[in-house]
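Enquirer: pasting the sequence and the predicted model now:
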Amino acid sequence: MKLAVFVSDFRNTVDTLDRLKPEKLGVILVGNGVYHAVIKENGAPSPVLKTSADFYALAEDLETRGINTANVKNNVKVISYGDIVDLIFNDYEKTAWL
Amino acid sequence: MKLAVFVSDFRNTVDTLDRLKPEKLGVILVGNGVYHAVIKENGAPSPVLKTSADFYALAEDLETRGINTANVKNNVKVISYGDIVDLIFNDYEKTAWL
Amino acid sequence: MGKLTIGCFSSLVGSMSLDFAVKLAAAAIDKGHKVDFWVSGNGTMLSIKDQRSFKDYSSLEKPLKELMAKGLNVTACEACAEARGYHKDITMEGFKRHSMDWYLASTFSADRVLHIGGE
Amino acid sequence: MGKLTIGCFSSLVGSMSLDFAVKLAAAAIDKGHKVDFWVSGNGTMLSIKDQRSFKDYSSLEKPLKELMAKGLNVTACEACAEARGYHKDITMEGFKRHSMDWYLASTFSADRVLHIGGE
Amino acid sequence: MATTKLGFIVQRPPYKSENPKLALTHAIASQSVEVYLNDGDIVTAEVAFIGDGVLNCLKDQKATEHYDISSTESHIKMSLLVDVKVFVCKEDLAKFGLTENDIVMDAEEFGADMTVSVVPFQEINKMMEDVNHLLFF
Amino acid sequence: MATTKLGFIVQRPPYKSENPKLALTHAIASQSVEVYLNDGDIVTAEVAFIGDGVLNCLKDQKATEHYDISSTESHIKMSLLVDVKVFVCKEDLAKFGLTENDIVMDAEEFGADMTVSVVPFQEINKMMEDVNHLLFF
């Protein structure tokens, strides 16, 4: 299964992400999930970024929160709404909004 | 300050409870906060119960969730809505809903 | 006897915060306290009249009317309601609508304030 | 071109989930996809007409109407709406109301489903 | 003649939000979806409770008595009655020290044949692979 | 002639819920509360951002550009303009690696004299002791 997971919260109340083992995993950070792309706590990047996956963060939602897209971690690709549409149609088969 | 703190979530997304240092602290478990009064995870009671405080859990909310009030931990007092009113008027000066 | 001001900012049907607030108001009134009840944000959903009562959803219109008859003072944030399309004509009878300063004014004479924010 | 079914169960004004869903629907339609949009639970708030536009609150009536003109198919869960007092007479024109099986039927022919649940 | 399979995954406890209940009511709606489809086409729903979601399955929920609303327990029973498959994650039950005795396992009193399946997470993962679309609650 | 002091504590990030913004709009409403009170009676509001709540204070929020809504940044500026005291927890800023350069510190462009105070949590605790009522968001 090729699965695109949407993370929309900064403080996850579910541990599902760690348990999913699809053949291909994409993590799309939207809403307050975009904080994972940039905020360090006590010097450490978000544990979400430790997942073995391709990472994306929505530019509009970064900027809405006062985050400069240039500050996003290297392994996270900054994308647009249009890119999300292409990702879920072309690169993944199923979606999961955690 | 005598402070009554309401905890209404099972998964806290704030760490405020640990940081409050009032002279007298009461923790009133309501809503999904009542799970802290009884649910163990991997054998360990909820970390919320480690706070130095008096603990209360709302009987109606325990029973709504299928929890027998007899199973609540010893250091948690099972109370009614009327008891909450008395607690906040008689035993505490301020309230905080975390 | 004292005065309790409750503010509730959470969303109705589904979340149980408004159910909690209404039951707590009832318990306080039963004990002879005066209660002011303010709803803001998604909590203004409470002010809509004629919500159909299904067994899947909590339905607070009836208990609320009983409490109003016993003196409960209940007010919705007008801007929060208007922004959601909850206009005056679909507001429950007796449910007041004011700007946010009403809530702050209510705390002035309150012995206790329970502000229900959260998520 | 494919078909995307979006289901949104979160609350409107305040949470940005519905804003997200509407913008994603717009992006998909711009790329030539067909979009079905289902709102349930507190998401049914989206269906109310004449929500006053304040700068503090997102106001989705205008973008939604533009998308409907471009073929967006948008439906609210009827029971969820009624339970909140959102009756037919305050529903936005063109916003359909059906029982939950409509959503499931929409997924039958969908190439992709994005179900926005969460909190 | 085609079948679309939906997987409903409930990962949060009941009552904080109505979503766990909406998961079950939407799954139950798979029974009446044919009116919108061509003859022989169907949509099936399977429901899995994982993580804190297993707390939805506790027995003896007194939601009607205290808050005059139906419980998630009664919705699980309704789902069984209309033959919706219901899975509960074995590891998550164990993590909370819960057993099959603590949770709804059947709806015999309504004449339901279907029972709840307590299964390892691996089987729920397999279900997720198997369905056409996933709906996480 | 009496004063009631309110302490608004914002502990969650912006935009997921509108509560952080409502905290600020309600605090600002302390300016117009006199219409309901006797001469000389007042209600004052102080606002403290703690924990993830400090993320509300980030500069250059483009909420209007992208979503056509006002930002929490603009609300903080409005609060300063009407002389509401605004505290930000120093330790929480540091935890996120943020400095005063990253957050709203004043509303000079609107002619506000008041500025944001970055203070240790201990001082926010003192504020909480000092006020008559607490409102946590």
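Expert: Great, that's in hand.

Enquirer: contact partners for residue A:2?
Expert: Residue A:2 makes contact with A:22-24, A:26, A:91-94, according to Cβ atoms under 8 Å, 6 or more residues apart in numbering or on different chains. C-beta coordinates here come from the backbone N, C-alpha and C atoms, glycine included.

Enquirer: please apply the same query to residue E:13.
Expert: So residue E:13 contacts B:10, B:32, B:35, B:65, E:20, E:52-53, E:55-56 (Cβ under 8 Å, 6+ apart).

Enquirer: helix, strand or coil for it?
Expert: The three-state assignment at residue E:13 reads coil, by DSSP: H, G, I helix; E, B strand; the rest coil.

Enquirer: confidence score at it?
Expert: pLDDT recorded at residue E:13 is 95.

Enquirer: gap between the closest residue to residue C:50 other than its chain neighbours and chain A?
Expert: Using Cβ to Cβ, 6 or more residues apart in numbering or on different chains and skipping residues adjacent in sequence, the residue nearest residue C:50 is residue D:85, 5.4 Å away. For residue D:85, the distance to chain A (Cβ to the nearest Cβ, to the nearest Å) stands at 28 Å.

Enquirer: show the model's pLDDT score for residue D:85.
Expert: For residue D:85, pLDDT reads 92.

Enquirer: around chain C, which positions in chain E sit nearby?
Expert: Contacts of chain E with chain C, taken as Cβ under 8 Å from any Cβ of the partner chain, map to E:15-19, E:21, E:25, E:64, E:67-70.

Enquirer: which among those residues gets closest to chain F?
Expert: Distance to chain F, by Cβ to the nearest Cβ, is smallest for residue E:17 among these, at 12.4 Å.

Enquirer: let me know the pLDDT of the closest one.
Expert: The model's pLDDT for residue E:17 equals 85.

Enquirer: how is it assigned, secondary-structure-wise?
Expert: Classified using three-state DSSP, residue E:17 is coil.

Enquirer: that one contacts residue C:16, doesn't it?
Expert: No: look at residue E:17 against residue C:16 with Cβ atoms under 8 Å: they stay out of range, at 9.3 Å.

Enquirer: tell me the buried residues within the residues of chain E next to chain C.
Expert: Among those, the ones that count as buried by 16 or more other Cβ atoms under 10 Å in any protein chain shown are E:15-19, E:21, E:25, E:67-70.

Enquirer: tell me the helix or strand right after the least confident helix or strand in chain A by mean pLDDT.
Expert: Least confident helix or strand, chain A: helix A:16-19 with a mean of 94, by mean pLDDT, DSSP states H and E. Downstream of helix A:16-19, the next assigned helix or strand under DSSP states H and E is strand A:24-29.

Enquirer: so after that next one, what's the next helix or strand?
Expert: strand A:54-58.

Enquirer: contact partners for whichever residue of chain C sits closest to chain A?
Expert: Nearest residue of chain C to chain A, counting by Cβ to the nearest Cβ: residue C:119, 9.5 Å away. Residue C:119 sits next to B:9, B:13, C:10, D:119, F:12, F:16-17, F:19 when contact means Cβ under 8 Å, 6+ apart.

Enquirer: shaky segments in chain C?
Expert: C:11-14 (pLDDT under 70).

Enquirer: what about the strands in it?
Expert: Assigned by DSSP state E, the strands in chain C fall at C:3-8, C:34-39, C:73-77, C:96-98, C:112-116.

Enquirer: thinking again about what came up before, which two among the buried ones among the residues of chain E next to chain C are spaced furthest apart?
Expert: E:19 and E:68 (19.8 Å; Cβ to Cβ).

Enquirer: roughly how far does residue E:59 sit from chain D?
Expert: Taking Cβ to the nearest Cβ as the measure, residue E:59 falls 25 Å from chain D.

Enquirer: list the contacts for that residue?
Expert: Per Cβ under 8 Å, 6+ apart, neighbours of residue E:59: B:66, E:73, E:102-104.

Enquirer: re earlier: for residue A:53, state which of the residues of chain E next to chain C is nearest.
Expert: Of the residues of chain E next to chain C, the one sitting nearest to residue A:53 (Cβ to Cβ) turns out to be residue E:19, at 24.7 Å.

Enquirer: contacts only, for that closest one.
Expert: Residue E:19 neighbours (Cβ under 8 Å, 6+ apart): C:14, D:9, D:41, D:117-119, E:10, E:12, E:137.

Enquirer: chain neighbours aside, what residue packs nearest to the most centrally placed residue in chain E?
Expert: Of all residues in chain E, the one closest to the mean position by Cα atoms, centre = their mean is residue E:47, 3.9 Å from it. Leaving out its chain neighbours, the residue that sits closest to residue E:47 by Cβ to Cβ, 6+ apart is residue E:8, at 4.5 Å.

Enquirer: kindly report the same for residue C:59.
Expert: Residue C:59 sits nearest to residue C:53 (Cβ to Cβ, 6+ apart), 3.9 Å away.

Enquirer: same question for residue A:66.
Expert: Using Cβ to Cβ, 6+ apart, the closest residue to residue A:66 is residue F:58 (3.3 Å).

Enquirer: the residue in chain E that chain B sits nearest to: neighbour count?
Expert: Residue of chain E nearest chain B, by Cβ to the nearest Cβ: residue E:58 (3.3 Å). Using other Cβ atoms under 10 Å in any protein chain shown, residue E:58 has 22 neighbouring residues.

Enquirer: quick check: it touching residue E:101?
Expert: No: Residue E:58 is not in contact with residue E:101 according to Cβ under 8 Å; the separation is 10.9 Å.

Enquirer: quick revisit: mind putting the strands of chain C into a markdown table with mean neighbour count?
Expert: Formatted as a markdown table, those follow (neighbours: other Cβ atoms under 10 Å in any protein chain shown):
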| stretch | mean neighbour count |
| --- | --- |
| strand C:3-8 | 25 |
| strand C:34-39 | 25 |
| strand C:73-77 | 22 |
| strand C:96-98 | 16 |
| strand C:112-116 | 25 |
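
Enquirer: and those as CSV, adding distance to chain D?
Expert: As requested, the strands of chain C are exported to CSV (distance: least, Cβ to the nearest Cβ, whole Å):
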stretch, distance to chain D
strand C:3-8, 14
strand C:34-39, 13
strand C:73-77, 11
strand C:96-98, 13
strand C:112-116, 15
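
Enquirer: identify the residues contacting residue C:65.
Expert: By Cβ under 8 Å, 6+ apart, residue C:65 lies in contact with C:92, C:94.

Enquirer: which of the helices or strands spans residue A:61?
Expert: Using DSSP H and E, residue A:61 falls in helix A:59-64.

Enquirer: now that helix, how far from the chain's geometric center?
Expert: 13 Å (Cα atoms, centre = their mean, to the nearest Å).

Enquirer: how much space separates the most far-flung residue of chain A relative to its centre from residue A:13?
Expert: Going by Cα atoms, centre = their mean, the residue of chain A most distant from its centre is residue A:42, 20.8 Å out. Distance, residue A:42 to residue A:13, by Cβ to Cβ, to the nearest Å: 21 Å.

Enquirer: in contact with residue E:115: list those residues for me.
Expert: Counted by Cβ under 8 Å, 6+ apart, residue E:115 has contacts E:80, E:105-106.

Enquirer: drop anything exposed from those residues.
Expert: Counted by 16+ other Cβ under 10 Å, these give E:80, E:105 as buried.

Enquirer: many thanks, have a good one.
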